[in-house]
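K.L.:
Just a sequence and a predicted model for now, questions to come.
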Amino acid sequence: MPILHLQDVSHTYPPDRHALVDVNLQLERGECVALIGPSGAGKSTLLRVSNGLVVPTRGRAITLGEDVAALSEKARMRLRRRVGMIFQEFALIERLPVLTNVLVGRLGYARPLPSLLRWFPPSDVQRAREALQAVGLDGNDTRLVRQLSGGQKQRVGIARALVQEPEILLGDEPTANLDVRTSDEVLELLVRLAAEREAALLLSLHDIRAARRFCHRIVAMKAGRIEWDGPAEQFTDADVERVFY
């Protein structure tokens, strides 16, 4: 069974904006897939349907064997523990230390009262430190996030996703605010860490060069539909023209 399976998925935002139209997509364990397309193509909505943040208007979104629409909100929250999300704007708490931001990734597993008091069991703290080491930020536990560079902040975001121990990693334009060199470093890191954990990786990217370089497969969207789906090396400049113009 695919780790993610979207079957004839459509989603409409009020009053009448069709973000997704009859989308069919399968993602296998261990795959690294770039999701590309112009602004407004539906990429972010597809990612949010995939992790249960958005319930499709029509069709079925089956994530890790669970039909998202059939789940209660509490069950969708449990599902999201198994799906790591990395954001364009980092989505970090700038006034808090690096380690605390990473531990936010364990909130889905924590009991309510201890988490409100920012108390986490030693095993979670150890996971967070190991995640920081994996992204090259060991020794930065007590630094405030606002003191970090953009690339370092995104590494904290990756570490936060890793401590969820996800089976799927989703990235919503995770390198859009980074320069080319830092972007490549972050993508290389993401691909390596996902492979080490045998997690599927689905990345919304604006950089065609990076999509071809780092991903096995490209899925191109336009106006809510999938226009192209195939091996990254077969996505030609003519395909770029057709999708983006």
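P.N.:
Thanks, I have the structure now.
K.L.:
from here on, contacts and neighbour counts on C-alpha atoms
P.N.:
Will do.
K.L.:
gap between Glu89 and Gly171?
P.N.:
Per CA to CA, to the nearest Å, Glu89 is found 11 Å from Gly171.
K.L.:
Among the two, which residue is more densely surrounded?
P.N.:
Gly171 (22 against 16; other CA atoms under 10 Å).
K.L.:
Next one, pLDDT for the more buried one please.
P.N.:
The per-residue pLDDT reported for Gly171 equals 95.
K.L.:
Look up the residues forming beta bridges with it.
P.N.:
Going by DSSP bridges, Gly171 is paired in beta bridges with Ile86, Leu203.
K.L.:
Okay, domains of this protein per the record?
P.N.:
Taking automatic domain parsing as the reference, the chain has its domains at 1-82+167-181+199-245, 91-165.
K.L.:
Check those for me: which has the lowest mean pLDDT.
P.N.:
Ranked on mean pLDDT, the bottom entry among those is domain 91-165, at a mean of 89.
K.L.:
one step back: which one of the domains of the chain lies closest to Leu190?
P.N.:
Checking those against Leu190 by CA to CA gives domain 91-165 as the closest, at 7.5 Å.
K.L.:
And that closest one, end to end?
P.N.:
Using CA to CA, the gap from the first to the last residue of domain 91-165 comes to 19 Å.
K.L.:
Could you do stretch 188-207 as well?
P.N.:
Its start and end residues considered, stretch 188-207 measures 14 Å (CA to CA).
K.L.:
For it, buried residues please.
P.N.:
Using 16 or more other CA atoms under 10 Å as the test for burial, stretch 188-207 gives 189-191, 193-195, 199-207.
K.L.:
Closest to Leu4 out of those?
P.N.:
Using CA to CA, Ala200 is the member of these that sits closest to Leu4, with 9.0 Å.
K.L.:
ok now do the closest one, which residues does it touch?
P.N.:
In this structure, Ala200 makes contact with Ile3, Leu27, Glu28, Arg29, Gly30, Glu31, Cys32, Glu167, Ile168, Leu169, Ala194, judged by CA atoms under 8 Å, 6 or more residues apart in numbering.
K.L.:
For those, which single residue is the most surrounded?
P.N.:
Of the contacts of Ala200, Ile168 is surrounded by the most neighbours, 30 neighbours in total, counting by other CA under 10 Å.
K.L.:
show me what contacts that one?
P.N.:
Ile3, Arg29, Arg82, Val83, Gly84, Ala199, Ala200, Leu201, Leu202.
K.L.:
Other residues contacting the longest helix along the chain?
P.N.:
Among the segments of the chain that qualify as a helix by DSSP state H, the longest is helix 180-196. When contacts are taken as CA under 8 Å, 6+ apart, the neighbours of helix 180-196 outside the stretch itself are 30, 32, 134-135, 151, 154-155, 158, 169, 175-176, 200-201, 210, 214.
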